[in-house]
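1. no sequence on this one, just coordinates:
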Ligand code: SF4
Ligand code: SF4
């Protein structure tokens, strides 16, 4: 029998201690102030900061979980909005766990899974995502042939046709948006230049299912995971590289429960290749830039140093830090699949991060996530701001 990826929706009740013991101390509303000098940037919960009511902070959602379990309240429209405007950024978890040993983020994620399971999750808000996935296997509706076009003429190996050391898994976003395709091509060229033996699945790669898991739809997520895992097994994949932190998180946290492999983010591989001398950044990239930590890569998986190591190795690049940096980092506005349903609120969060970059005098924001890159680029264009957005891989390639 095929090994299934675990169904975490069954265990919300096991977090009873967490949602019952939340003391509403509100630590989770802010950053670690000791590591952030300027009070202007102390707020760090996007949904709470935007909608202001207690329910929109983690403490409110802990209370919702408690009351639902005790059947003190029934799900209603407001509760759906509270639950689905959370960006799942994890800032609350990082404040709460070290001091209170509670897991607000796990509770919120499992609440979403419970909502889907119990039939009150507002899946109709995501009907376009579902239709797109149904028709094309991609949340943005880009069909497989088109999604595979990014690699045409690059001479990349097909991992299903020849054995390779690493699989390069693109994730949903990079091959789906024309302005992200050059970033993905940079990734492939960097790996080739360093002599990494890798291949791709081309049009056989389907959605990682990340968007579905963020919505809380574990059953549908597993259908997509299963399709990809079948391809991994057919290709004999044991090591995988992805430049997409959203794919990285589900591959590392979920897929590896059903399929044995090592998962790396591009920044981890690039940092290691630079330290081994296989990549030698030498051309100057003269810019004063700040690195934005994607929530799924930084806070969630502790990949803080590797992207910074890559950037520090580039001559001419002056690397700044946001006041809210590393574990204190603010979401780009692209978390939790919220941009599908509340684009104006998502943009509000993005603007706050852009303001923070301008505040420290950055000429550019560099990120290692396609969603962050897209959120920033679209907002900067709409606001007609004079600040650039770069992708880590492209900056590195420019220096090689
Ligand atoms: S979730 Fe944790 S940090 Fe937030 S109010 Fe509850 S106990 Fe305090
Ligand atoms: S995950 Fe982020 S947006 Fe959601 S409650 Fe926690 S801090 Fe707020």
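-> Received, thanks. This structure is a prediction, so every number in the text was calculated from the model and none was measured. Ligands and ions are numbered 1, 2, ... in the order given.
2. Check residue 336 and give its pLDDT.
-> As predicted, residue 336 sits at a pLDDT of 89.
3. My reading is that it is in a helix; is that accurate?
-> Yes: per DSSP: H, G, I helix; E, B strand; the rest coil, residue 336 lies within a helix segment.
4. What is the burial count for it?
-> For residue 336, the neighbour count with other C-beta atoms under 10 Å is 27. No exception for glycine: its C-beta is placed from N, CA and C like everyone else's.
5. do residue 386 as well
-> Residue 386 has 8 neighbouring residues, counting by other C-beta under 10 Å.
6. Tell me where the model's unsure across the stretch 1-150 of the chain.
-> 1-3, 6-10 (pLDDT under 70).
7. near ligand 1, which residues of it?
-> Taking C-beta under 6 Å from any ligand atom, the part of the stretch 1-150 of the chain that reaches ligand 1 is made up of 22-28, 58-59, 62, 92, 95-96, 100, 102, 104.
8. Please narrow the residues you listed to those residing in helices.
-> Counting by DSSP state H, those place 58-59, 62, 92, 95-96, 100, 104 in helices.
9. so what's residue 269 up against?
-> The contact partners of residue 269, by C-beta atoms under 8 Å, 6 or more residues apart in numbering, come to 191, 196, 241.
10. Show the buried residues in the residues of the stretch 1-150 of the chain next to ligand 1.
-> 22, 27-28, 58-59, 62, 92, 95-96, 100, 102, 104 (16 or more other C-beta atoms under 10 Å).
11. Relative to residue 172, which of the contacts of residue 269 is nearest.
-> residue 241 (16.0 Å; C-beta to C-beta).
12. Give the bridge partners for that closest one, please.
-> residue 168, residue 264 (DSSP bridges).
13. for ligand 2, what are the nearby residues on the stretch 1-150 of the chain?
-> Residues of the stretch 1-150 of the chain lying near ligand 2 (C-beta under 6 Å from any ligand atom): 45-48, 57-58, 86-92, 104-105, 108.
14. burial of residue 284, as a residue count?
-> Neighbours of residue 284 under the rule other C-beta under 10 Å: 12.
15. meant to ask about residue 296
-> Residue 296: 29 surrounding residues under other C-beta under 10 Å.
16. That one in helix, strand or coil?
-> Applying three-state DSSP: residue 296 is coil.
17. So it is in contact with residue 247, correct?
-> No: in terms of C-beta atoms under 8 Å, residue 296 does not count as a neighbour of residue 247; the distance is 9.0 Å.
18. Which neighbours do these two have in common?
-> Residues touching both residue 296 and residue 247 by C-beta under 8 Å, 6+ apart: none at all.
19. near ligand 2 at all, stretch 323-332?
-> No: residues of stretch 323-332 are not located near ligand 2 by C-beta under 6 Å from any ligand atom, the shortest gap being 6.5 Å.
20. Most proximal residue of the stretch 201-350 of the chain with respect to ligand 1?
-> Relative to ligand 1, the nearest point of the stretch 201-350 of the chain is residue 327 (14.3 Å; C-beta to the nearest ligand atom).
21. which ones are touching the nearest residue to residue 293 once chain neighbours are set aside?
-> Excluding the flanking residues, the one nearest residue 293 by C-beta to C-beta, 6 or more residues apart in numbering is residue 329, at 4.1 Å. The contact partners of residue 329, by C-beta under 8 Å, 6+ apart, come to 91, 292-293, 295, 298-299, 322.
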